[in-house]
Structures are given as C-alpha cells and as structure tokens.
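>>> how would this look folded up:
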Amino acid sequence: MNRKSILAVIIAVAALLRLINLAAGDIIGSDEVFYAFRSIGMLDFDNAPRQTTPLQWQDPDIQWWAKLSFHDHPPLVFLIQNFSMKIFGENNFGFRLPSVLLGIASVYLIFLIAKKLFSEQVGLISAAIAAVAANHVYISRSGLQESTLIFFILLASYLFLRALERDKYFVWTGIALGLGALSKYNALILVPIFLTHLILYRRDVFKNRRFWMGILAAAIVFSPVIVYNLMLYKTVGHFDFQFSYIFGQNPATWQEAPGKEAVGNLSQRVGSFLPNLFAVNSWLFLALFAASLTVIFKKQNRFVLISLIWLTILIFKIGPTYRFLAMLTPFMIMNAGNFSNNLWERWLKDRRKITAALAAVFMLWEIFYSANSQIFSYPAGPKPWTFSALRYENYNWGYNELADYFQKEFKGKFPALAFDAKYQFLEKIKGNAIARAKARGDRPFPAMLIYDGNLAGPAQLWIFDRLQIYHGWPVADLAGYLAILRINGADYFRRAGLTNLYFVAPTGNIPLKFAELDGPITGTGEIFEKTLIAGGLLPTILKNKRGEEIFRIFRF
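Numbers count the residues shown, from 1 in each chain. Purely as a prediction, here's the structure:
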C-alpha cells in the first residue's frame, strides 16, 4: 500500500471514530450546551443571572456593535454552529458536526506539520496516532470551541513553518491566527510561540515586509472583536468578560466567574495538571509520550517543544480542565510520532513482524479505548484502564430522550398561546418563530410545559428554555407555576386557553442540579407528582438506553 493510500485509511478511521453515534451523549456534562443554545440565533443570551449581557443592558435600543461579538467569547464558533444547525437542525448532531469536520482536518494538519518538521513517515505515524487518540477523538466529537481552536492553531502553525521558507505565507499565517482568535482567545498563545521561535532561530524575519503584513492581516480579521471591546469600554467602562478578567477590571455586573473560580489558585492548577492529563488520555498513549520525552530536546523538535512549553504555561494560567488539555494533544502526538519513527529506524527496521504487531496492538487498543470512552453508550471495564473520565463529559443519562420526546410531541405544531418575553429582543425572536411556523402550515396547539426545578441547569436551558425562547412555547418551573395558581386560582391556565399541560418529573436515575450553585434540591416535585397520581393520572415513562426509568411525564 502506498503512502497516499495509508493516509486515506488513517483519515477514514479518524472520520469513523468521530462520526459514529455522534448525537448520543447528553449535553449536561460540559459547556457545549451554552454555545449550542446561543448559536441557534446568534444570540448573546442564555438566561444566566450571574452573567448578564449587553443585549439585556441595552434592550430595547440595542446598539449595532453589540452584535459583533459575544460578551464572553468571540463569535466564529457560534457562527459556524449556527450555519450547521440551519442545515441539520437544532440537535446534537447539528451543533457537534463542525467539531467533527475540523477534528478530521486537524488529523491531516498534524500529518502536514510532522512531515515538514521531521519526515513523511513521521507525518503518517503522527496522523495515525491522532486519528485514534482518546482526547483528540473526544474534543472532535464535542460542541465546544476547542476543536475549532485546535484546527486554527495547527493551520496557523503549518502556514508559519511554510512562511519561514516562502515569505508569502506570512499573510496566510496572519489570517489563520486571526480566525483562531475569532474562535477562542486562547489562540493568541500562538503569538509568543511564533515570536520565541523567531527570536531564537530566525531574527531576520523581523525585517521582512510580509511578516508585518501578516500581523496586519491578523488584526483585520480580528477587528470585529476589537471594535466590540472598544465600544463596550466606551459605553460601560470595561472590556468583555474575558478581557476584563485578564486586565483585572472586575466590573460590578460580573462579580462572579463560576468557570474561572472552579479551577482554583495556581498551586491547585499545577497540582491537578498531571492527574487530569492522566484522566483524559489512555495509559498506553501516555506511556508512549513519556518515552518520547527522550527526544524532545533534539534540534528538529524545537518548534514542538516551544509549543508545548507555551501551551503548558497557558494551561497553568487558565486551569487544566479536560478540554483545555486537548490543546496539548497534537504536539504530544507529533513528539510521540517522531520517537516511534526513531525507534523504528534504530531498533525495529529489520524486525518487521514485531513492528507490525506492536503497531497493531497500539492502534487496536486506542480504537477500543476511544470507542469505549465516547462511542459506546455505556463503557465496559474499569476507569481509567479501559475508558477515560471523558465518558462523563457526554454520558448517556437520558436527557436526550426527554428532548426527543418534546421534539416529536410538538412536530407540526406551534403555540396557540405564548407568554410575554422579558426583553424586546426575545419577543421578536418568538414572534418570528411563530410566523415561520404558520407559513409552514403548522397547526396551533394550546400547550404549556412545567418542569421540576431540580433538573440540571444545562438540560433545562437546552430542552425548556430553547423551546420557550426560540419557539415560543409557554414554560415554567413547578414553583413558578404553583405560585401563579395560588394568586390567580387553580383553573387560571385553563381559563387562559392552555388545555394541554405537561409536567416533567425526573427519577433518581438522572443527575439533577448542583445544589451549591443553583439552590437546594426540593421535594416540591415529588409532592406534586403524588397529587397528580392520586387524581387518577398515569404518566408516560421515558427510559434511557439501559432501560432504566428516567422521566415521568404527566399530561393533564
């Protein structure tokens, strides 16, 4: 088999591991729901009381610049997911697919970079490892920003290496860097990586006109975020959430930063680095990488070494969460690929059967480990030896089944009655959604959704808030519903014309909200459920993939 055919097989394996069963796995284990929810309408609002946004501050007279970016992240990943969901729908597959495609492209870029730094053979070995490595498979199957970020880090790195040979690529490097920063600000770590390499090895580049043109190109591409932050500072006296944190502004409107506070102080971040690195990679891959450290200081490895050093510094700053550690993975893989090739050249070249057996064992194990950590509905064997902690980032608890239930229940229908939205921009979204439904020929349906307030916050956002904000369905938590009845009478909603009420009660087989963040778990739902059963109502039972009861849905 020639090398082009080998690369094609590698890319095919990478695609299969990233596409199979992509829609499975709930969205409550990571932050992907917060990106997906806002991507639907390119809406900088996710009903988070601790992080209000310029849209809320300015409503109803929202200024033009407020839509150039988001209050906590740059806009490109939201835009890409928005485009994907317009094609494939508001579902897990729709918002995760861009990560898959860019993850597959990243495998190819790893081949190109390793080929340029080392050799084509090292490129193929590195791409093969990347295709099956658990952490890269995970991040490529997640609706987080990191798959897009990693793609642009790799693309900019490859173009930078090309630019050192042909200076016309500096402009393309700048464009890729700008797009990376438009995906996530962490891409700006490329600036010290590139500068360190140039200062140490290629100071002549600073005299090159095209190098400075590349910097200008990056600034132009990144300009929407620059304008957004300048206008935000002019209007309210501080930058966006991320930059205000970096510059220590501490605006009164964002006194809490749950994601940043959770990572702890510097000693805690450093202390959790290795345990978390072990948690998100297979032990076999980590053993290979540990062995590859014996070649990390070789001359041909200097770009990889510089990248790993700066990325590690960044991770110590922002915290070694699972998704941030994924930024290290491509460079760990390339170092492991170079080491494996050296091993082949020095010891195994004349032992082809042994080499083939070792390669087969490694690849088959990594395929199983990645599938067990991401594809199989429920993993086999003990953690971390047969699957990683990444499985719990998108575990099959059963919230997907609840989302699917209401998608089927409301197919071809639109709300006959809708609640008034708190903000004018939300009222406009609701009105447009109902107008589109009428134009499609959907029929009005007088329904209201009531959910137990103990539900996990991300699931509430994706299942219930999404139906309310983007489709206009009346939604209330149980406490709010009961409070309205106490004030207006037990038949208030029926008098209003809402004749189909759905109450969603979770069972003990589903994870609930975090009491320390969202308030204490209450027994209100359990009491209300007993009242409904005593009145003769029988629920529809939803089950997870194991056949366990996860939700009881009462329609009354």
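>>> drop to CA atoms for contacts and neighbour counts, all remaining ones
Fine.
>>> Any regions of this structure where pLDDT drops low?
In the prediction, the chain carries residues with pLDDT under 70 at positions 256-262, 515-517.
>>> Mind splitting it into its structural domains?
According to automatic domain parsing, the chain comprises the domains 3-393, 399-555.
>>> Quick check: buried residues in stretch 487-506?
For stretch 487-506, the neighbour count (16 or more other Cα atoms under 10 Å) marks 493, 498, 501-506 as buried.
>>> Residue 551 - that's part of a strand, no?
Yes. Counting by DSSP: H, G, I helix; E, B strand; the rest coil, residue 551 is part of a strand.
>>> Name the nearest residue to it, sequence neighbours excluded.
Spatially, and ignoring its direct neighbours in sequence, residue 551 is nearest to residue 506 (4.5 Å; Cα to Cα, 6 or more residues apart in numbering).
>>> Any figure for the gap between that neighbour and residue 542?
Plainly put, residue 506 is 10 Å away from residue 542 if you go by Cα to Cα, to the nearest Å.
>>> any common contacting residues for these two?
By Cα atoms under 8 Å, 6 or more residues apart in numbering, residue 506 and residue 542 have these common neighbours: 550-552.
>>> what does whatever helix or strand residue 525 lives in rub up against?
According to DSSP states H and E, residue 525 maps onto helix 524-534. Defining contact as Cα under 8 Å, 6+ apart, one finds that helix 524-534 is touched by 452-453, 478-479, 505, 554.
>>> try stretch 149-163
Here stretch 149-163 has contacts from 102-103, 105-106, 109-110, 112-113, 116, 169-170, 172-174, 176-177, 179-181, 183-184, 186-187, 190, 194, 327, using Cα under 8 Å, 6+ apart.
>>> Tell me which of those residues fall in strands.
Assignment to strands by DSSP state E places none of these there.
>>> Put the buried members of those into a ChimeraX selection.
Selection of the buried residues among the contacts of stretch 149-163 in ChimeraX, burial being defined by 16+ other Cα under 10 Å:
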select :102,103,105,106,109,110,112,113,116,169,170,172,173,174,176,177,179,180,181,183,184,186,187,190,194,327
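>>> Among the contacts of stretch 149-163, name the ones in helices.
By the criterion of DSSP state H, membership of these in helices covers 102-103, 105-106, 109-110, 112-113, 116, 169-170, 172-174, 176-177, 179-181, 183, 190, 194.
>>> which residues in the stretch 451-556 of the chain form helices?
According to DSSP state H, counting those that start in this stretch, the stretch 451-556 of the chain carries its helices in the segments 457-459, 466-471, 478-488, 492-495, 515-518, 524-534.
>>> can you redo those as JSON lines with distance to residue 60?
Formatted as JSON lines, these follow (distance: least, Cα to Cα, whole Å):
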{"stretch": "helix 457-459", "distance to residue 60": "27"}
{"stretch": "helix 466-471", "distance to residue 60": "16"}
{"stretch": "helix 478-488", "distance to residue 60": "26"}
{"stretch": "helix 492-495", "distance to residue 60": "29"}
{"stretch": "helix 515-518", "distance to residue 60": "29"}
{"stretch": "helix 524-534", "distance to residue 60": "36"}
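>>> To residue 408, which of these lies closest?
Residue 408 sits nearest to helix 466-471 of all those, at 12.7 Å, using Cα to Cα.
>>> For the closest one, what is the distance to the chain centroid?
Distance, stretch centre to chain centre, for helix 466-471: 21 Å (Cα atoms, centre = their mean, to the nearest Å).
>>> Specify the local secondary structure of residue 382.
Recorded secondary structure, residue 382: coil (three-state DSSP).
>>> And it, its phi and psi?
When quoted as degrees, to the nearest 10, the phi and psi of residue 382 stand at phi -90, psi 150.
>>> any idea how far it is from residue 407?
Computed as Cα to Cα, the residue 382 to residue 407 distance reads 35 Å.
>>> neighbour count winner among those two?
Shown here are residue 382 and residue 407; by other Cα atoms under 10 Å, residue 407 has more neighbours (15 against 9).
>>> Could you measure from that one over to residue 462?
According to Cα to Cα, residue 407 and residue 462 sit 12 Å apart.
>>> where along the protein do the strands fall?
Here the chain has its strands, by DSSP E, at 413-415, 443-445, 447-451, 475-477, 500-506, 540-543, 549-555.
>>> could those go into a markdown table alongside distance to residue 270?
Converted to a markdown table, the strands of the chain look like this (distance: least, Cα to Cα, whole Å):
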| stretch | distance to residue 270 |
| --- | --- |
| strand 413-415 | 51 |
| strand 443-445 | 55 |
| strand 447-451 | 41 |
| strand 475-477 | 41 |
| strand 500-506 | 38 |
| strand 540-543 | 41 |
| strand 549-555 | 38 |
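>>> out of these, which comes closest to residue 129?
Nearest to residue 129, of all those, is strand 540-543, at 36.9 Å by Cα to Cα.
>>> Noted, bye for now.
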